[in-house]
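Asker: okay, here's the prediction I keep looking at, along with the sequence it came from:
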Amino acid sequence: MTLRSKLVLWYSGLLGGILILFGGALYGVTRWALINTVDTTLIETADVVLQNSGAYIRAQFGAPTEVRMRLPELDLFRAPGVFVQVWELGDEHTLAGQTNNLSTYAAPLDENSLSQMASESGTQSGDILTNSLINNGSYRVLTRSFSYMSGRFAVQAATSLETINKASRELIVIIAGGMAIAMIGSVAMALAFSRRALTPIDHVAQAASRIAATDDLKTRLDYDGPMDEIGRMNSVFNRMMDRLENLFHVQQRFVADVSHELRTPLTAIRGNLDLIKRYGVDKESLEAVESEVERMSRLVSDLLLLARADYGGLTLDLEPLDLDTTISEVYRDAKVLASTRNITFAIHDFQPVRVQGDPDRLKQLFLNLVSNAIKFTPEGGNVIVNLRRSYDDAIVEVIDTGIGIAPEDLPHVFDRFYQADPARVRKGEGSGLGLSIAKWIVDAHNGQIEVSSDLGKGTTFAVLIPHIEEKPKTPHSEVTRPRINIIRRTTSTTIPKS
């Protein structure tokens, strides 16, 4: 069963239930109001009869004396269509009087009510209203007892229910007809509205089917309606397709880049192995093979790291740590990296701060940034590291006076295998994965990494990681722990080229 059919059935079933409840309530209230009007008429008639009746004694030879009642005339305006009897209650009920319209009817209007009145003790009881079948007709009967001359009597007033029953039957027909028309109309409207409402969903399904059949990731949905649930669904679908198309292109480029990166060292290894086969083993060829194998190992390790990070198989062990201690270790290791370069490597701002982080990954992050800065800084240039604390974050800056990055390349520096100018990368150094790993490490610490650069003048990488220091009442940068004397502003070091 389609979603459209289910919606129509649910809507029609709900509407039908509401209509049945409403129709039943309407019928019940209407009939109750009509019966209540009849009951009021009968009660008023009984009051008039009791107030205006006269009694007389009719003596019979050799028989007990009988009490007879003279009932008032019930004219057209007072109680039209009402029949009245007065009965003397006893072991056998005796008719004491009745209106002229009952001259040919001598049976009680409601025998059960008379018997109930006779069996009740006391001289007065409440009214009894019942439905009774008289001469194959339905009547509403009121029975009321009263006392007169030490005897108990009961007055019965009745009126036909045929008019009310006929009106009730006609009301049922009207309600049923209205419900049928309403159900037919609602089903037709539900079909039309569901078709209109679900058409955009059909378009999404058709588009997805075309994509699955043709691998066409350029498919987009045209939608000019309101931005309701359907509009948002179309918008999300289009954004999803944009992302899928981008990821597909990234995957293609990734595969091409991996193939290229692996082909280069494999070609070098094959060439050196051919030389070894032809001329025998020599030191230069073995060193070249070893260098290329190490390069491939680093590349595979980086790819494995990013792959595990992508599917969530890599987690960090976050713990409170002194970020200034990590920067100190990075500084010591970076001096070794820069030992063959004639550059000035210095730490300027150095403010102790604690963060929640993984010490090994943070060290990997900052070593990556510093090594990149050293790599792309020409002889005689400067590489500066700053560590300071803002109100919310620990801020680490790596500043160089290197070749810089072109504005059109800045948005892509964290993409995998992206190199703004591969010709500037020294042979055997880098694979374009270092900054991608750095970006992942920063994201895993709920931080941010920013880059700014002037082509030919230098580049600045800034890493912001939330710190866990106690925050002052007003934002300021006052030092909350004693400075570590390992590195100060005076630690600027010029490392001459050896």
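Answerer: It's in.

Asker: the stretch 1-150 of the chain: helices as residue ranges?
Answerer: Along the stretch 1-150 of the chain, counting by DSSP state H, counting those that start in this stretch, helices occupy 3-52, 111-119.

Asker: what helices or strands is the first one leaning on?
Answerer: For helix 3-52, the elements it packs on are strand 82-88, strand 137-148, strand 151-160, helix 162-214, judged by 3 or more CB pairs under 8 Å, 6 or more residues apart in numbering; DSSP states H and E. In short, each C-beta sits where N, CA and C put it, glycine included.

Asker: can you do 10 Å?
Answerer: In terms of contacts (3 or more CB pairs under 10 Å, 6 or more residues apart in numbering; DSSP states H and E), helix 3-52 is packed against strand 63-70, strand 82-88, strand 128-134, strand 137-148, strand 151-160, helix 162-214.

Asker: and these as a markdown table, adding mean neighbour count?
Answerer: Listed next are these as a markdown table, based on neighbours: other CB atoms under 10 Å:
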| stretch | mean neighbour count |
| --- | --- |
| strand 63-70 | 13 |
| strand 82-88 | 24 |
| strand 128-134 | 15 |
| strand 137-148 | 20 |
| strand 151-160 | 22 |
| helix 162-214 | 13 |
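
Asker: let me have the ones you listed in TSV, extended by mean pLDDT and distance to Y331.
Answerer: Listed next are the helices and strands packed on helix 3-52 as TSV, based on pLDDT from 0 to 100; distance: least, CB to CB, whole Å:
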stretch	mean pLDDT	distance to Y331
strand 63-70	64	125
strand 82-88	87	114
strand 128-134	90	104
strand 137-148	88	107
strand 151-160	88	111
helix 162-214	84	52
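
Asker: can you put these in a markdown table and add distance to L303?
Answerer: Formatted as a markdown table, the helices and strands packed on helix 3-52 follow (distance: least, CB to CB, whole Å):
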| stretch | distance to L303 |
| --- | --- |
| strand 63-70 | 115 |
| strand 82-88 | 103 |
| strand 128-134 | 91 |
| strand 137-148 | 93 |
| strand 151-160 | 98 |
| helix 162-214 | 29 |
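
Asker: picking that back up, so which of the helices of the stretch 1-150 of the chain gets nearest L303?
Answerer: helix 3-52 (43.9 Å; CB to CB).

Asker: now do the contacts for the residue nearest in space to the middle of the chain.
Answerer: Centroid check for the chain by CA atoms, centre = their mean gives E229 as the closest residue, at 11.1 Å. Counting by CB atoms under 10 Å, 6 or more residues apart in numbering, E229 touches A197, P200.

Asker: go on, the one 4 residues further on?
Answerer: Taking CB under 10 Å, 6+ apart as the criterion, M233 is in contact with P200, I201, V204, L221, Y223.

Asker: ok, now which ones touch the last one?
Answerer: Read it as Y223. P200, H203, V204, I230, G231, M233, N234, S235, F237, N238 are the contacts of Y223 under CB under 10 Å, 6+ apart.

Asker: A444 now?
Answerer: A309, L314, T315, L316, L318, G357, D358, R361, L365.

Asker: can you give me the neighbour number for the fifth one?
Answerer: Other residues near L318 number 15, with proximity taken as other CB atoms under 10 Å.

Asker: that older thread, got CSV for the contacts of M233, with distance to A256 too?
Answerer: Converted to CSV, the contacts of M233 look like this (distance: CB to CB, whole Å):
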residue, distance to A256
P200, 37
I201, 37
V204, 32
L221, 30
Y223, 35
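
Asker: most widely separated two among the residues you listed?
Answerer: I201 and Y223 (11.5 Å).

Asker: any residues in contact with both of the two?
Answerer: I230, M233, N234.

Asker: among these, which lie within helices?
Answerer: Among those, DSSP state H puts I230, M233, N234 in helices.

Asker: now render those residues as CSV, adding distance to V141 and pLDDT.
Answerer: Below are those laid out as CSV (distance: CB to CB, whole Å; pLDDT from 0 to 100):
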residue, distance to V141, pLDDT
I230, 63, 75
M233, 67, 80
N234, 70, 80
